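Chemist: Sequence and predicted structure are below.
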Amino acid sequence: MNLNKAIIIGRVTADPQVRSTPSGNPVATFSIATNRFWRDQNNQKKEEVEFHNIVVWGRQAEVAKQYLVKGSLVMIEGRIKTRSWQDAQGQTRRTTEIIAERLQLGPRPQGAGAPLSSTANNYSNSNSSASDESIDNPFNEEANMPSSKNIPTIELDDVSDSIKDEDLPF
């Protein structure tokens with residue numbers, strides 16, 4: 001049995017860049033920062049930041065362009081893909097990306113553009129104690145936010161069948 005699945009919740013590091021393939025299929029690229037918190041042997045809180053490259057296709061790319069900006073909280077569910085290419089100097093370059101199959105927008109303060117829904121009212125880190133969770137869970141900010149309207153999740157079941165490597169604009 002094989003499984004290639006990634007689910008991450010984090011903040012967008014820069015506004016998404018949207019391009020189109022020669023056939024007109026939109027593709028958005030951006031990165032998300034995630035944080036991992038832990039306590040060292042002296043009970044000092046430590047943090048590690050990880051950056052993830054995200055690729056979003058089709059209608060979800062348009063949603064990303066419209067609603068995501070630097071700092072937006074978002075959940076991405078997708079598959080991990082590593083690709084390689086030759087740069088101008090003939091060196092082989094590699095990158096690892098998450099190809100989004102599902103994009104869920106996080107909460108935003110009222111007046112900061114279109115209102116967005118929370119993705120994880122029930123999100124919890126099973127490895128955290130209750131006191132750590134209140135510190136580390138980015139969705140706890142929802143308690144201080146005004147109510148928001150829901151935007152539906154868009155899922156594309158046929159993404160993997162319709163995207164060819166030669167359609168990639170990069």
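Modeler: Sure, I can see it. Residues are numbered from 1 along each chain as shown.
Chemist: Going along the chain, name the helices of this protein.
Modeler: For the chain, the helices defined by DSSP state H cover 58-67, 130-136, 159-162.
Chemist: quick one: buried residues of the longest one?
Modeler: Using 16 or more other CB atoms under 10 Å as the test for burial, helix 58-67 gives 58, 60, 61, 63, 64, 65, 67. For glycine as for every other residue, the C-beta is placed from the backbone atoms N, C-alpha and C.
Chemist: and residue 29, how many neighbours?
Modeler: The local packing of residue 29 (other CB atoms under 10 Å) involves 18 other residues.
Chemist: Give me the local confidence score for the closest residue to residue 31 other than its chain neighbours.
Modeler: Nearest residue to residue 31 in three dimensions, chain neighbours excluded: residue 13, at 4.7 Å (CB to CB, 6 or more residues apart in numbering). If you check residue 13, the pLDDT there is 95.
Chemist: and if you look at the one 4 residues further on?
Modeler: Reading off the confidence values, residue 17 has pLDDT 95.
Chemist: which residues does it bridge with?
Modeler: Beta bridges link residue 17 to residue 29 when assigned by DSSP bridges.
Chemist: Thought residue 31 was touching it, still the case?
Modeler: No: Residue 17 is beyond contact range of residue 31, at 10.3 Å (criterion: CB atoms under 8 Å).
Chemist: list the contacts for residue 34?
Modeler: Contacts of residue 34 were listed using CB atoms under 8 Å, 6 or more residues apart in numbering, and they are 8, 9, 10, 49, 50, 52.
Chemist: Pull out the buried residues from those.
Modeler: With neighbours counted by 16+ other CB under 10 Å, the contacts of residue 34 contain buried members at 8, 9, 10, 52.
Chemist: Residue ranges in the protein under the pLDDT threshold?
Modeler: For the chain, the stretches with pLDDT under 70 are 109-170.
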